[in-house]
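# Turn this into a model:
(chains A, B and C)
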Amino acid sequence: MKITSKRINFKTRGETDIIDITGEVTNAIKASEIRNGIVTIFVPGATGAVTTIEYEPGLLKDLPAMLERIAPKEIEYEHEKRWHDGNGHSHVRASLLGPSITIPFEDGRLTLGTWQQIVFIELDNKSRSREVVLQIMGE
Amino acid sequence: MKITSKRINFKTRGETDIIDITGEVTNAIKASEIRNGIVTIFVPGATGAVTTIEYEPGLLKDLPAMLERIAPKEIEYEHEKRWHDGNGHSHVRASLLGPSITIPFEDGRLTLGTWQQIVFIELDNKSRSREVVLQIMGE
Amino acid sequence: MKITSKRINFKTRGETDIIDITGEVTNAIKASEIRNGIVTIFVPGATGAVTTIEYEPGLLKDLPAMLERIAPKEIEYEHEKRWHDGNGHSHVRASLLGPSITIPFEDGRLTLGTWQQIVFIELDNKSRSREVVLQIMGE
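Model (predicted):
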């Protein structure tokens, strides 16, 4: 049994930018030389999230549209009254989507479906430099 | 420390069918002979999800009703314009609920609450044959 | 490779009380003497959830406000017709937020962001005594 840890870094283009990180996760598993196990993908930060989606241009608009229904940008947030950074909606969206996902892999391959990619979602109201933690455990 | 992997297969009856998979997960843990550890339950696919719920008939209607408020079936989705398969709402619901859950077990028993079951939720707009990955790790 | 398990216990003050459990998780990792690995935080129960958030008074109101939009307390729930305990909204909110989160740690330190805390969210409609499972795995 072995553990390895890796950070991936990228810059987002602004609010609700959705980044496909499947390739980076795949490469990290290969580099680890662990054949069977789990990878935990974790966002250190309160205004980003990870999930899976079919990475195609339509859904990259549909997912943000759903988030706008759940936590509209233009309503009043208590967070704003204190911090004045205009991102109360970003925080509650991130808590709902969640900062973490765990995915099994077998024989060095992620068990993803054919039309399923791993994505980071920028929920903050501006472009950010982001770091995501990958922890790989197995044998 | 040991890892084992197992697939469970079943057919769903259509959109928002909710399947109790607690028994299959319990059996997989027993069969693994791992006493203490975690099980990661993962949906390989972009229109299904896993979570826990009290599995009783009322909630099996209340959960879909909530999803219909968040991502209504009848509004316009960009996904639809390109793919014409009528399941844009399915995809965004699946990304929000998430494809993965990790649950600890101790002495061979899942740490679930008394009224808490593990469920697969069919979010696609038709009956599907589904496969769910269980990866069990521990000692 | 080593596994240890711990339960943390606390009393919530009522519906949508949000409890910062970061300190307890940090202490459990220290006590485990595991340096690198993952901690799985799991709620055994169908009306509580775990996630991360910037723990400040504004967001402790904004998150419940979002849940009220998604699953309002005052609409009709099928769960209620059978069980009459007034918490149909609690159950569907809990299934959506999810009972489980997995977080990597390195050199004995959680990989959380600076403004990111681990929280338990009471979704039931009353004060409860709660138990949360921490399972720590690593080396």
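# tell me which residues of the helix or strand of chain A with the lowest mean pLDDT are tucked away?
Least confident helix or strand, chain A: helix A:78-83 with a mean of 94, by mean pLDDT, DSSP states H and E. By 16 or more other C-beta atoms under 10 Å in any protein chain shown, the buried positions in helix A:78-83 come out as A:E78, A:H79, A:E80, A:W83. Just so you know, the C-beta spots here come from the backbone N, C-alpha and C atoms, and that holds for glycine as well.
# Stretch A:51-69 now?
Within stretch A:51-69, the residues scored as buried using 16+ other C-beta under 10 Å are A:51-56, A:58-60, A:62-67.
# Closest one to C:P99 out of those, please.
The shortest gap between C:P99 and any of the buried residues of stretch A:51-69 belongs to A:T51, at 16.7 Å (C-beta to C-beta).
# what's the distance between the closest one and C:D20?
For A:T51, the distance to C:D20 equals 24 Å [C-beta to C-beta, to the nearest Å].
# same question, A:A71
From A:A71 over to C:D20 the distance is 21 Å, taken as C-beta to C-beta.
# the more surrounded of those two?
Neighbours were counted for A:A71 and for C:D20 using other C-beta atoms under 10 Å in any protein chain shown; A:A71 has more, 25 against 14.
# The residue sitting furthest away from the middle of chain A: what's it in contact with?
Outermost residue of chain A with respect to the C-alpha centroid, by C-alpha atoms, centre = their mean, is A:K81; its distance is 27.6 Å. A:K81 makes contact with C:G58 under the criterion C-beta atoms under 8 Å, 6 or more residues apart in numbering or on different chains.
# repeat for A:V39
The contact partners of A:V39, taken as C-beta under 8 Å, 6+ apart, are A:V25, A:A28, A:I29, A:T102, A:I103, A:F105, A:L110, A:L134, A:Q135, A:I136, A:M137.
# And A:I41, by the same measure?
Contacts of A:I41 by C-beta under 8 Å, 6+ apart are A:I21, A:V25, A:V50, A:S100, A:I101, A:T102, A:I103, A:I118, A:V132, A:V133, A:L134.
# Present those residues as TSV; the columns should include secondary structure, pLDDT and distance to B:I41.
As requested, these are exported to TSV (DSSP: H, G, I helix; E, B strand; the rest coil; pLDDT from 0 to 100; distance: C-beta to C-beta, whole Å):
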residue	secondary structure	pLDDT	distance to B:I41
A:I21	coil	98	22
A:V25	helix	98	19
A:V50	strand	98	17
A:S100	strand	98	15
A:I101	strand	98	12
A:T102	strand	98	9
A:I103	strand	98	11
A:I118	strand	98	17
A:V132	strand	98	22
A:V133	strand	98	22
A:L134	strand	98	20
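# from those residues, which is closest to A:I3?
A:I3 lies nearest to A:L134 out of the contacts of A:I41, by C-beta to C-beta, at 11.2 Å.
# gap between A:A46 and C:I101?
13 Å.
# Need the residues touching each of those two.
Joint contacts of A:A46 and C:I101 (C-beta under 8 Å, 6+ apart) are A:P99, C:T52.
# Quick one: the strands in chain A, in order.
Assigned by DSSP state E, the strands in chain A fall at A:2-11, A:18-20, A:37-42, A:48-53, A:100-106, A:109-110, A:117-122, A:129-138.
# got a markdown table for those strands, with distance to C:S95 too?
Listed next are those as a markdown table, based on distance: least, C-beta to C-beta, whole Å:
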| stretch | distance to C:S95 |
| --- | --- |
| strand A:2-11 | 30 |
| strand A:18-20 | 24 |
| strand A:37-42 | 22 |
| strand A:48-53 | 16 |
| strand A:100-106 | 17 |
| strand A:109-110 | 26 |
| strand A:117-122 | 21 |
| strand A:129-138 | 26 |
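# Relative to B:N87, which of those is closest?
Going by C-beta to C-beta, the one of the strands of chain A nearest B:N87 is strand A:48-53, 12.8 Å.
# Mind giving me the packing neighbours of that closest one?
In terms of contacts (3 or more C-beta pairs under 8 Å, 6 or more residues apart in numbering or on different chains; DSSP states H and E), strand A:48-53 is packed against helix A:88-97, strand A:100-106, strand A:117-122, helix B:88-97.
# Report the angle between it and helix B:88-97.
Relative orientation of strand A:48-53 versus helix B:88-97 (axes from the mean of the first three to the mean of the last three C-alpha atoms, to 10 degrees): 130 degrees.
# Need the CA coordinates for strand A:48-53. PDB is fine.
Coordinates of each C-alpha in strand A:48-53 appear next as PDB, following Å, rounded to 0.1, in the frame of the first residue of the first chain:
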ATOM      1  CA  GLY A  48     -14.300  26.500  -5.800                       C
ATOM      2  CA  ALA A  49     -15.700  23.000  -6.300                       C
ATOM      3  CA  VAL A  50     -15.100  19.700  -8.000                       C
ATOM      4  CA  THR A  51     -17.600  17.300  -9.600                       C
ATOM      5  CA  THR A  52     -18.000  15.300 -12.900                       C
ATOM      6  CA  ILE A  53     -19.900  16.300 -16.000                       C
END
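# can you list the residues that contact that strand?
A:18, A:21, A:41-43, A:59, A:63, A:93-94, A:97-101, A:112, A:116-124, A:128, A:130, A:132, B:46, B:91, B:94-96, B:98-99.
# now the angle from that strand to strand B:100-106?
For strand A:48-53 against strand B:100-106, the angle by the same axes, to 10 degrees is 100 degrees.
# Parallel or antiparallel, list what pairs with strand A:48-53.
Strand pairing for strand A:48-53, determined by DSSP bridges: strand A:117-122 (antiparallel).
# how about the residues of chain A that lie near chain B?
Within reach of chain B by C-beta under 8 Å from any C-beta of the partner chain, chain A has these residues: A:1, A:36-38, A:51-54, A:56-59, A:61-63, A:65-66, A:69-70, A:96-98, A:101-104, A:106, A:111-113, A:115-116, A:137-139.
# thought A:K6 was touching A:A28?
Yes - under the criterion of C-beta atoms under 8 Å, A:K6 makes contact with A:A28 at 4.7 Å.
# Pick out whichever of the two has more residues nearby.
Set A:K6 next to A:A28 and count neighbours by other C-beta under 10 Å: A:A28 wins out with 21 against 17.
# The more buried one and A:R7 touch, don't they?
No - counting by C-beta under 8 Å, A:A28 does not reach A:R7; the two are 9.6 Å apart.
# which residues do those two both contact?
The contact sets of A:A28 and A:R7 overlap at A:L134 (C-beta under 8 Å, 6+ apart).
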